[in-house]
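Trainee: sequence first, predicted coordinates after that:
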Amino acid sequence: MRVGITFDLRQDYIDQGYGLEETAEFDRLETIDGIAEALLELGHEAERIGNARQLLQALAEGQRWDLVFNIAEGLRGFGREALVPCVLDAFDIPYTFSDPLVLTLCLHKGMCKRVIRDLGIPTADFRVIECSEDVERVDVPFPLFAKPVAEGTGKGVSPASRIADYEELRRVCLQLLMDYRQPVLVETYLPGREFTVGLLGSGPAARALGVMEVRFRGKTGDVYSYQSKEHYLDAVAYELVTEPALREEVEQVALAAWRGLGCRDAGRVDIRADARGVPCLMEVNPLAGMNPVDSDLPILGRLAGWSFAELIGFIMDSAASRVTDARCRAA
């Protein structure tokens, strides 16, 4: 199979003058190399396409692929992760991972939590702050937690994100509004254990790869921030959850969200327990990082006994099955 790879290479944006935090979600060359090598190992022909602009140029030149392995994050707007899938849909080219609707919905944490709440899945109470006046209308009891509504990789999250009173709430929200130029999600602080769940497959066939607890080390506190993710070897420890009852409870929350939102192929759901120990959904990541060494999903795969090539192979098989199903329905 001829497989194209779409991605945003971090170094390309740094060379254009973007900062380290601005480019935190973009991929290093080792990620692209790892995916390409895994695809070759699986017997596919791997072709590196690049970002959305490079994809459009390649399509204009008449290039086509049997399937695209898409990890392009995009640069601007709530629909940035959906840009490449939208283009591929327009050209009827199948691709891995979720569709534009799911990617856009999950990127906006406030909108996603509204759907999650409607599905009856536990999630912390929240408000979305779009301007300074909204701060005065927050009626959720303290302590609270604040972060940009549509960022990943811990961007905009720091120890200051945990908020004890209105003075802190106003200061932190106004700073986030100014720094990230997007709304701020303010939610009830969850004091319990934190987990990330790897999900594989789509719809009723989806299953959990495993549940990994994020344990915070030393003086880093209990905030999974951009800094702690950049220096995860010193800041956190990852451990598979082995308590059967807890693992099943966390998996069921993650699977309910994954299936309810219509996520596909593979990804992650982040969960944290509330004061009563109830697992509450924090975020859904349908376009999870795929660095073979330090991204959470491959780390979780390794802890569960999967090689990186096996993980890539499952994702490819899951995406390819949609192509087969579509052809059968059309026949």
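Mentor: Perfect, thanks for sending it.
Trainee: only C-alpha atoms for contact and neighbour calcs from this point on.
Mentor: OK.
Trainee: chain center to stretch 290-303, what's the gap?
Mentor: Computed by C-alpha atoms, centre = their mean, to the nearest Å, the separation of stretch 290-303 from the middle of its chain amounts to 13 Å.
Trainee: what mean pLDDT does it have?
Mentor: When pLDDT is averaged along stretch 290-303, the result is 94.
Trainee: give the buried residues for it.
Mentor: For stretch 290-303, a neighbour-count test (16 or more other C-alpha atoms under 10 Å) marks Met290, Asn291, Pro292, Asp294, Asp296, Leu297, Pro298, Ile299, Leu300, Gly301, Leu303 as buried.
Trainee: now do stretch 73-91
Mentor: Neighbour-count burial for stretch 73-91 flags 73-75, 78-85, 87-88 (criterion: 16+ other C-alpha under 10 Å).
Trainee: and the strands in the chain?
Mentor: Secondary structure of the chain (DSSP state E): strands at 2-6, 45-50, 67-70, 126-129, 144-148, 162-163, 184-188, 194-200, 207-216, 236-240, 266-273, 279-285.
Trainee: Val138 is nearest to which of the ones you listed?
Mentor: Closest of these to Val138 is strand 126-129, at 6.8 Å (criterion: C-alpha to C-alpha).
Trainee: what residues are up against Thr31?
Mentor: Met290, Asn291, Pro292 (C-alpha atoms under 8 Å, 6 or more residues apart in numbering).
Trainee: quick check: chain neighbours aside, which residue is closest to Glu25?
Mentor: In space, and not counting its chain neighbours, Glu25 is closest to Thr153: 6.1 Å by C-alpha to C-alpha, 6 or more residues apart in numbering.
Trainee: then Ile163?
Mentor: Leu144 (5.0 Å).
Trainee: show me what that neighbour is bridged to.
Mentor: Per DSSP bridges, residues listed as beta-bridge partners of Leu144: Ile163, Thr188.
Trainee: likewise for Glu283?
Mentor: Asp270.
Trainee: same question, Ala237
Mentor: Ala237 has these beta-bridge partners by DSSP bridges: Arg215.
Trainee: and it, how close does it get to Glu187?
Mentor: With distances taken as C-alpha to C-alpha, to the nearest Å, Ala237 is found 25 Å from Glu187.
Trainee: equivalent analysis for Val149, please.
Mentor: Distance from Val149 to Glu187, counting by C-alpha to C-alpha: 11 Å.
Trainee: Cys311 is in contact with Leu300, isn't it?
Mentor: Actually, residue 311 is Leu. It isn't Cys. No: using C-alpha atoms under 8 Å, Leu311 is not in contact with Leu300; the gap is 10.4 Å.
Trainee: tell me, how many residues neighbour the closest residue in space to Cys263 that isn't next to it in sequence?
Mentor: Sequence neighbours aside, Ser98 is the residue nearest to Cys263 in space, at 5.4 Å (criterion: C-alpha to C-alpha, 6+ apart). Other residues lying near Ser98 total 25 when counted by other C-alpha atoms under 10 Å.
Trainee: and what of the one 10 residues further on?
Mentor: Residues lying near His108 (other C-alpha under 10 Å) number 20.
Trainee: and Glu21, by the same measure?
Mentor: Glu21: 15 surrounding residues under other C-alpha under 10 Å.
Trainee: find the residue closest to it in space, skipping its chain neighbours.
Mentor: Spatially, and ignoring its direct neighbours in sequence, Glu21 is nearest to Lys155 (7.0 Å; C-alpha to C-alpha, 6+ apart).
Trainee: tell me, what's the model's pLDDT at that neighbour?
Mentor: At Lys155, pLDDT is 93.
Trainee: again, but for the one 4 residues further on
Mentor: Looking at Pro159, its pLDDT reads 92.
Trainee: surely it meets Val223?
Mentor: Yes: if you go by C-alpha under 8 Å, Pro159 and Val223 touch, sitting 6.2 Å apart.
Trainee: show me which of the two is the more surrounded one.
Mentor: More crowded of Pro159 and Val223, by other C-alpha under 10 Å: Val223, with 19 against 13.
Trainee: show me what contacts that one?
Mentor: Listed by C-alpha under 8 Å, 6+ apart, the contact set of Val223 reads Val157, Ser158, Pro159, Phe216.
Trainee: so what's the last one up against?
Mentor: Counting by C-alpha under 8 Å, 6+ apart, Phe216 touches Asp222, Val223, Ala235, Val236, Ala237.
Trainee: if we go to 7 Å?
Mentor: Each residue near Phe216 by C-alpha atoms under 7 Å, 6 or more residues apart in numbering is listed here: Asp222, Ala235, Val236, Ala237.
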